[in-house]
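> Curious how this folds, go ahead:
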Amino acid sequence: MRKFKLTFLALLPSLAAIAQEAQAPAELHPVYSNPTFLVLAITAIVMLAVILSLTSTLKNLTASKQESKKDGPAASVIAILVLLSAGLPAQAQETSSSLMPPMSIGGLDSWIFVLMALLILAEFAIILTLIKAIRNMLIGLGFQKEPDVSLSKPFINWKWLDRQLTDAVPLENEAEVMTDHEYDGIRELDNNLPPWWVYGFYFTIIFGIVYLFDYHVFQTSPLPAQEYQEQLAEAELEKKSRLKEVAASVDESNVIALTDAGLLAAGKDIYTGNCANCHGQAGEGGVGPNLTDEFWLHGGGINNVFKTIKYGVPAKGMIAWQTQLNPESMQKVASYILTLQGTNPANAKAPQGEPWVEVSGVAQTDSMAVELIDSTETAAIQY
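This is a model prediction of the structure:
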């Protein structure tokens, strides 16, 4: 009868699942299909079977063939555990639908994992308790002899271990290693050095020889200073690569005016080779407008100048330079053009457009807000 009850309780989750499938499309629940949950569930079921077997053995030893009322609470506990495991998927589904995503362990909600782990630990403790009870019962019934504590050996022989580590002379033989050195009634013993110390000393000698040949004679491994320099070089390459990617993404919304002399010189070369024919060698103007005064046809400042260079002014004959110059080059030449302001070259063309006044925090708000690299870092990535 007891086995029938346990079997019926074990089938309750399956019956509930069948009833649910009658109302919903057949679908395997994510928790039931989770490998971690399956391993934990199988472990718990196997340990539960072991508990039932040990409990049956213990009852047979007590020669009690009738079912007592204590079976009821045991069956109730098993029923609670089985029903609790059956309710885990539904609770997991409710938890997963909450606004805050639950923590997961092995793809399983953390609280389910902890609950299953605690269940397995509890079953393990029950198994150990039952094994100990069965052993005591066997001793009490005379099937086993009670072990003699006086003959049992300790798991760790601390005296032997201390003697092996220290190589000290036993207390009763200290007279053999007693010296004539005495101070305030304290006599000195001539014990051997502890083996652990001796072996450690030999190890340092061997390590020193290996280190000498490895780092200084054959130089197969870099010295700390060399390794540091190698790491610096690697970091510099990574920095240049990262900053190069940042610089390649420069556009009219985040461009900043360069101030490095080397970069401005590169911008001057680009200007001389591409812009001087229309704007003059000194920016005095020609076919194109004068670039040295405060008047601008399409807006001044680094953002507007960069934009004009990039997209050009096809209606007035200026091509879009984005097809011939990369963003870094356009940033260099735009920065150089801004340095021409107020140079007053000879034969300057008459002003055209509207005067442009650079207002800090207004005209360059965008460029200042997204300034990603300073002048020193810019010098490392521009080329």
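
> Work out the gap between stretch 284-295 and the centre of the chain.
Centre-to-centre, stretch 284-295 and its host chain are 56 Å apart (C-alpha atoms, centre = their mean, to the nearest Å).

> ditto for stretch 129-142
On C-alpha atoms, centre = their mean, the centre of stretch 129-142 falls 50 Å from the chain's centre.

> same question, stretch 180-200
For stretch 180-200 - counting by C-alpha atoms, centre = their mean - the centre lies 51 Å from the chain centre.

> Report the mean confidence score over that stretch.
Mean pLDDT, stretch 180-200: 88.

> Start and end of it, how far apart?
Stretch 180-200 has an end-to-end distance of 30 Å (criterion: C-alpha to C-alpha, to the nearest Å).

> likewise stretch 170-179?
16 Å.

> Now do that stretch: everything it contacts.
By C-beta atoms under 8 Å, 6 or more residues apart in numbering, the surrounding residues in contact with stretch 170-179 are 169, 187, 188, 189, 190, 191. Bear in mind the C-beta positions are built from the backbone N, C-alpha and C, glycine included.

> Among those residues, which ones are in strands?
187, 188, 189 (DSSP state E).

> Direction included, what does the longest strand seen in the chain pair against?
Across the chain, the longest stretch assigned as strand under DSSP E is strand 178-183. In the sheet, strand 178-183 lines up against strand 186-189 (antiparallel) (DSSP bridges).

> one step back: residue 128: which of the ones in strands among the contacts of stretch 170-179 is nearest?
Lowest distance from residue 128 to the ones in strands among the contacts of stretch 170-179 (C-beta to C-beta) belongs to residue 189, with 47.6 Å.

> So that closest one versus residue 49, what's the distance?
For residue 189, the distance to residue 49 equals 62 Å [C-beta to C-beta, to the nearest Å].

> These two: which has the busier surroundings?
Using other C-beta atoms under 10 Å, the more surrounded residue of residue 189 and residue 49 is residue 189, with 13 against 10.

> ok, that one - contacts?
169, 174, 177, 178, 179.

> Quick one: buried ones out of those?
With burial judged by 16 or more other C-beta atoms under 10 Å, the buried subset of the contacts of residue 189 is residue 169.

> Is the residue nearest to residue 116 when sequence neighbours are not counted in a helix, a strand, or coil?
Distances taken as C-beta to C-beta, 6 or more residues apart in numbering put residue 40 closest to residue 116, at 4.1 Å, once the chain neighbours are dropped. Put simply, residue 40 is helix when judged by DSSP: H, G, I helix; E, B strand; the rest coil.

> how close does residue 40 sit to residue 50?
16 Å.

> which one of those two has more residues nearby?
For residue 40 versus residue 50, neighbours defined as other C-beta under 10 Å are more numerous around residue 40 (21 against 16).

> export stretch 270-280 as PDB, just CAs?
Output of stretch 270-280 as PDB, limited to C-alpha atoms (Å, rounded to 0.1, in the frame of the first residue of the first chain):
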ATOM      1  CA  ILE A 270      47.300  69.500 -48.800                       C
ATOM      2  CA  TYR A 271      46.100  73.100 -49.300                       C
ATOM      3  CA  THR A 272      49.000  74.000 -51.600                       C
ATOM      4  CA  GLY A 273      48.400  70.900 -53.800                       C
ATOM      5  CA  ASN A 274      44.600  71.100 -54.000                       C
ATOM      6  CA  CYS A 275      43.200  74.500 -52.900                       C
ATOM      7  CA  ALA A 276      45.800  77.100 -53.800                       C
ATOM      8  CA  ASN A 277      44.800  77.200 -57.500                       C
ATOM      9  CA  CYS A 278      41.400  78.700 -56.600                       C
ATOM     10  CA  HIS A 279      42.000  80.400 -53.200                       C
ATOM     11  CA  GLY A 280      45.600  81.600 -53.700                       C
END
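
> for the chain, which spans come out with low pLDDT?
Residue ranges of the chain with pLDDT under 70: 1-32, 63-104, 106-107, 144, 146-155, 247, 359-383.

> For it, just list every one of the strands.
Going by DSSP E, the chain shows strands at 104-105, 108-109, 178-183, 186-189, 295-296, 354-355.

> Between those strands, which one is closest to residue 228.
Comparing the strands of the chain by C-beta to C-beta, strand 104-105 comes nearest, at 40.4 Å.

> And the helices in this protein?
Applying DSSP state H to the chain gives helices spanning 2-21, 35-61, 71-96, 110-140, 158-166, 195-211, 224-248, 261-274, 276-279, 301-311, 327-339, 365-369, 375-381.

> Domain map for the protein?
Domains of the chain are assigned by automatic domain parsing as 2-63+70-140, 164-221, 247-381.
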